[in-house]
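S.K.: have a look; sequence and predicted model below, questions after that.
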Amino acid sequence: MDRKETPLDIVEKILAEARGMSRPAYRGQAKAAWKLRSGAVDRLQKAYGDHVLDDENDLRTLVSDYHKDLIGRMEVIDGQRLRDWQRLTILQHQGAATGLLDFTESPLVALWFACDDEPEDDGQVFILDIGDGQVAANGRKLDNEALFNTERVVYYEPDRSLRPRIITQQSLFVICNPPSLPELHLRSVVIPKEVKGHLTEYLKGLGLSQENLFRDVPGLASTNTRHRPLRTLALSPEQYRDLGTRAYQAARYEDALAHYSAYARALPDVAQPYCLIGDTLSALQRFQEAIDAYTRAIAVIARPIDLGPRVVVRLEAVGRLMLHTLHYNRGNAHAAIGNHTQAVAEYDSALEHGNRLQRNVLFNRGNSKYALEHYEEAFADFEAAWSERKGSDAAHAMGNCKVLIGEFTEGLGRYLDGNPCRGAEELCCALPTTHGTPATAPGRVGQRRPRSETRGACRLRRSEVWVHDFSVCR
């Protein structure tokens with residue numbers, strides 16, 4: 001097939017082959033190598049051998065007897081007063097091998113059947129002019145005995161009341177083998193295997209699918225067997241969000257990321273999905289991607305927040321708080337990859353938009369300044385964090401800064417503030433020395449040292465997770 005050929009081109013090919021026919025009927029087969037042969041003839045060939053195909057009269061008799069046996073057994077089961085054609089129609093649609101070949105008056109239905117199976121093989125659509133009296137006879141005008149004993153191909157339009165799928169598939173049946181379909185009046189179009197998938201999607205967009213073409217109980221059952229892949233039901237954005245949150249809380253971060261990504265696809269102009277994606281990527285230590293997600297959230301934060309029909313969020317009530325947390329988290333991600341200059345800028349922005357996480361922001365900004373060897377500025381941040389809430393982390397960090405700028409007595413005092421139960425002599429002996437000068441190395445971003453090694457180390461706090469911190473968006 002030409003690479004530029006489209007599904008519409010394939011349909012046009014089929015219609016072109018049907019032009020000039022008085023009443024074209026179509027049949028799709030998923031494998032072009034398959035012969036136009038009924039299920040009954042296949043069964044008879046397997047039972048009696050290939051020689052049954054040699055004599056058309058003998059084969060006609062075998063097919064007729066085969067049908068009589070099927071019809072008789074069905075009559076015992078259903079007890080209804082149905083014509084032989086009606087019984088064969090029902091048996092054919094229930095999957096029995098009969099002497100009928102399924103055709104349709106819709107070229108699109110035939111094309112669907114040609115693409116529905118055998119993905120590694122070319123398919124084929126056949127076109128037969130059943131309106132030509134020299135080609136086919138109308139089975140409704142023949143008695144039961146003549147149906148399977150005529151020299152011509154016979155077509156039959158089944159009662160529309162027998163099965164819903166007869167209507168949706170625009171079904172009709174053709175009896176052949178014997179007699180063989182006349183090649184002079186039979187045309188076909190090969191469907192390349194490479195385009196089967198594209199054609200299936202194209203036809204699905206036109207309303208042709210397994211579910212639509214088999215609208216009855218047997219069809220419903222056959223499309224929901226254990227071997228059929230489950231059709232994923234569409235979830236609401238809120239359901240994707242909640243699934244992601246539960247996965248995140250269970251530390252299943254890859255699952256959480258998949259759900260939050262679906263949440264973002266459903267609400268591409270809402271900030272919250274990207275906040276959650278950023279937090280999850282941070283948990284996976286994919287910090288650059290986390291930065292990109294937080295950046296996307298900041299870019300759309302001014303737009304309306306639509307979280308569902310029962311949730312109303314006023315932007316002016318949450319906008320500053322969201323920006324406060326977003327800049328804080330983005331700063332932590334920058335610090336995690338060693339970009340401390342940008343991290344400091346992010347922490348500055350976080351403080352401009354709120355103070356809910358003020359102590360953490362100050363401490364982390366101090367840690368990045370410490371990494372940049374701006375020890376005086378780092379000390380100021382650690383001291384401000386100490387003022388917010390006294391703790392050994394800030395005391396040790398201040399002690400480190402004072403030691404590194406040569407103010408050892410002041411540094412010792414800060415260490416003592418963080419270790420009030422330890423004496424000055426003991427603490428001094430425990431401090432490491434570098435060229436005779438007591439000093440401690442800063443902690444690495446995102447890593448916690450064993451408790452025995454953290455004394456006096458500046459450790460960057462872990463990012464506050466959006467799911468836990470920003471309940472307004474939940």
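M.R.: Sure, I can see it. Numbers count the residues shown, from 1 in each chain.
S.K.: am I right that residue 45 is in contact with residue 53?
M.R.: Yes: contact criterion CB atoms under 8 Å: residue 45 and residue 53 qualify, at 6.3 Å. Glycine gets a C-beta too; all of them are placed from N, C-alpha and C.
S.K.: what's around the residue nearest to residue 103 when sequence neighbours are not counted, how many residues?
M.R.: Excluding its sequence neighbours, the residue lying closest to residue 103 (CB to CB, 6 or more residues apart in numbering) is residue 25, at 4.2 Å. Here the count is done by other CB atoms under 10 Å, and residue 25 has 25 residues near it.
S.K.: check residue 83 too.
M.R.: Residue 83 has 13 nearby residues by other CB under 10 Å.
S.K.: go on, residue 377?
M.R.: For residue 377, the neighbour count with other CB under 10 Å is 17.
S.K.: gap between residue 299 and residue 323?
M.R.: 12 Å (CB to CB, to the nearest Å).
S.K.: how about residue 379?
M.R.: Residue 379 is 28 Å from residue 323, where distance means CB to CB.
S.K.: of these two, who's got more company?
M.R.: Taking neighbours as other CB under 10 Å, residue 379 and residue 323 compare with residue 379 leading, 25 against 20.
S.K.: which SSE is immediately downstream of the helix or strand that contains the residue nearest to residue 103?
M.R.: In this structure, residue 25 sits in strand 24-29 according to DSSP states H and E. Moving toward the C-terminus from strand 24-29, the next helix or strand (DSSP H and E) is helix 39-48.
S.K.: so how far is that next one from its chain's centroid?
M.R.: Centre-to-centre, helix 39-48 and its host chain are 43 Å apart (CA atoms, centre = their mean, to the nearest Å).
S.K.: next helix or strand past that helix?
M.R.: For helix 39-48, the succeeding helix or strand toward the C-terminus, using DSSP H and E, is helix 56-78.
S.K.: can you pull the buried residues of that following helix?
M.R.: Residues of helix 56-78 classed as buried by neighbour count (16 or more other CB atoms under 10 Å): 59-60, 62-64, 66-67, 70-71, 74.
S.K.: same question for stretch 268-281.
M.R.: Residues of stretch 268-281 classed as buried: 270-281 (neighbour count, 16+ other CB under 10 Å).
S.K.: same check on stretch 226-242?
M.R.: 237-241.
S.K.: helices of the stretch 101-250 of the chain, residue ranges please.
M.R.: Secondary structure of the stretch 101-250 of the chain, counting by DSSP state H, counting those that start in this stretch: helices at 107-115, 144-147, 164-168, 196-205, 210-213, 217-222, 237-249.
S.K.: take the ones you listed and lay them out in TSV including distance to residue 126.
M.R.: Shown next, in TSV, are those (distance: least, CB to CB, whole Å):
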stretch	distance to residue 126
helix 107-115	8
helix 144-147	21
helix 164-168	20
helix 196-205	16
helix 210-213	18
helix 217-222	23
helix 237-249	45
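S.K.: most packed of these?
M.R.: Of all the helices of the stretch 101-250 of the chain, helix 107-115 carries the top mean neighbour count, a mean of 24, counting by mean count of other CB atoms under 10 Å.
S.K.: walk me through the domains of the chain.
M.R.: Per automatic domain parsing, the domain ranges recorded for the chain read 7-222, 361-474.
S.K.: so which of those domains comes closest to residue 262?
M.R.: domain 361-474 (16.3 Å; CB to CB).
S.K.: what average pLDDT does that closest one get?
M.R.: For domain 361-474, mean pLDDT rounds to 66.
S.K.: with stretch 133-140 instead?
M.R.: 82.
S.K.: what are the buried residues along it?
M.R.: Neighbour-count burial for stretch 133-140, counted by 16+ other CB under 10 Å, picks out 135-137, 139.
S.K.: cool, and stretch 89-98?
M.R.: Buried-residue list, stretch 89-98, by 16+ other CB under 10 Å: 89-93, 96-98.
S.K.: what bridges to residue 125?
M.R.: residue 28, residue 189 (DSSP bridges).
S.K.: list the contacts of the closest residue to residue 45 other than its chain neighbours.
M.R.: Counting by CB to CB, 6+ apart, residue 52 is the residue found nearest to residue 45 once chain neighbours are left out, at 5.8 Å. For residue 52, the contacting residues are 44-45, 58-59, 62, by CB atoms under 8 Å, 6 or more residues apart in numbering.
S.K.: quick one: the helices in the stretch 251-400 of the chain?
M.R.: Remark: helices assigned in the stretch 251-400 of the chain by DSSP H, counting those that start in this stretch are 253-266, 271-283, 287-299, 315-336, 340-352, 358-371, 375-388, 392-404.
S.K.: what sits up against the first one?
M.R.: By CB under 8 Å, 6+ apart, the list of residues contacting helix 253-266 from outside reads 235-237, 240-241, 243-245, 247-248, 273-274, 276-277, 280-281, 283-284.
S.K.: pretty sure residue 383 contacts residue 398?
M.R.: Yes: between residue 383 and residue 398 there is a contact under CB under 8 Å: 6.0 Å.
S.K.: and the two? which has more neighbours close in?
M.R.: Between residue 383 and residue 398, counted using other CB under 10 Å, residue 398 has the larger neighbour count: 28 against 17.
S.K.: how close does that one get to residue 206?
M.R.: According to CB to CB, residue 398 stands 71 Å off from residue 206.
S.K.: and what of residue 187?
M.R.: 23 Å.
S.K.: out of these two, which sits in the busier spot?
M.R.: A direct count of neighbours by other CB under 10 Å for residue 187 and residue 206 places residue 187 higher, at 17 against 12.
S.K.: which residues does that one contact?
M.R.: 17-18, 126-128 are the contacts of residue 187 under CB under 8 Å, 6+ apart.
S.K.: go through the residues you listed and name the one nearest residue 225.
M.R.: residue 126 (28.4 Å).
S.K.: pretty sure residue 84 is touching residue 71, no?
M.R.: Yes: if you go by CB under 8 Å, residue 84 and residue 71 touch, sitting 5.3 Å apart.
S.K.: now the buried residues of stretch 133-140 in a markdown table, with distance to residue 414?
M.R.: Putting the buried residues of stretch 133-140 into a markdown table (distance: CB to CB, whole Å) gives the following:
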| residue | distance to residue 414 |
| --- | --- |
| 135 | 102 |
| 136 | 101 |
| 137 | 105 |
| 139 | 101 |
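S.K.: residue 92 is in contact with residue 166, correct?
M.R.: No: in this structure, residue 166 is not within contact of residue 92 by CB under 8 Å, at 10.3 Å.
S.K.: about what we covered before: take the domains of the chain and write them to a markdown table, including distance to residue 340.
M.R.: Formatted as a markdown table, these follow (distance: least, CB to CB, whole Å):
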| stretch | distance to residue 340 |
| --- | --- |
| domain 7-222 | 49 |
| domain 361-474 | 4 |
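S.K.: which of those sits closest to residue 338?
M.R.: domain 361-474 (7.3 Å).
S.K.: sorry, back to before: got the buried residues of helix 56-78 as CSV, with pLDDT and distance to residue 9 columns?
M.R.: As requested, the buried residues of helix 56-78 are exported to CSV (pLDDT from 0 to 100; distance: CB to CB, whole Å):
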residue, pLDDT, distance to residue 9
59, 84, 39
60, 82, 41
62, 87, 43
63, 85, 39
64, 83, 43
66, 88, 41
67, 86, 41
70, 88, 42
71, 86, 44
74, 88, 44
